[in-house]
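A.B. asks: Sharing a sequence plus its predicted fold:
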Amino acid sequence: MTRKEALGGLVVLPALAAALVAGTTAIAEAKGTKAQFKYQNKPNGKQQCSGCTLFIPGKTATAAGACKVVAGEISPHGWCTAFGAK
């Protein structure tokens, strides 16, 4: 291996690593649609978004919040198939 080839590899490898990390982050941040998770604005029995580990509360207990996996505004009284009890 020549010195030129070795130096070229030193430039390419970090760029490839950065591209892989960026791709992984984009996948991790991607959210599914309400339809994909069969989201509904009402609880499923005693299960509701406010009791889910994925729910991000709004400004008040009754205000709409967000979800770590479902895109859009989420009711604290809603439910979806991604529900995971706290």
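C.D. replies: Right, received. Where do you want to start?

A.B. asks: Could you check how far the residue nearest to Phe55 when sequence neighbours are not counted is from Lys31?
C.D. replies: Distance criterion C-beta to C-beta, 6 or more residues apart in numbering; nearest residue to Phe55, sequence neighbours excluded, is Cys49 at 4.5 Å. Quick note: C-beta positions are derived from backbone N, CA and C, even for glycine. Note on Cys49: its distance to Lys31, by C-beta to C-beta, to the nearest Å, is 14 Å.

A.B. asks: So the two - more neighbours on which side?
C.D. replies: Cys49 (26 against 14; other C-beta atoms under 10 Å).

A.B. asks: give me every residue that touches that one.
C.D. replies: Cys49 makes contact with Phe55, Gly65, Cys67, Ile74, Ser75, Pro76, His77, Gly78, Trp79, Cys80, Phe83, according to C-beta atoms under 8 Å, 6 or more residues apart in numbering.

A.B. asks: could you flag which of those are buried?
C.D. replies: For those, a neighbour count by 16 or more other C-beta atoms under 10 Å gives the buried set as Phe55, Gly65, Cys67, Ile74, Ser75, Pro76, Gly78, Trp79, Cys80, Phe83.

A.B. asks: Go through these and name the one nearest Phe37.
C.D. replies: Taking C-beta to C-beta as the measure, Phe37 sits nearest to Cys80 out of the buried ones among the contacts of Cys49, at 4.0 Å.

A.B. asks: That closest one and Lys68 touch, don't they?
C.D. replies: No. Shown here, Cys80 and Lys68 do not form a contact pair, counting by C-beta atoms under 8 Å, at 11.6 Å.

A.B. asks: so where's this protein shaky on pLDDT?
C.D. replies: Scanning the chain for pLDDT under 70 picks out 1, 3-29.
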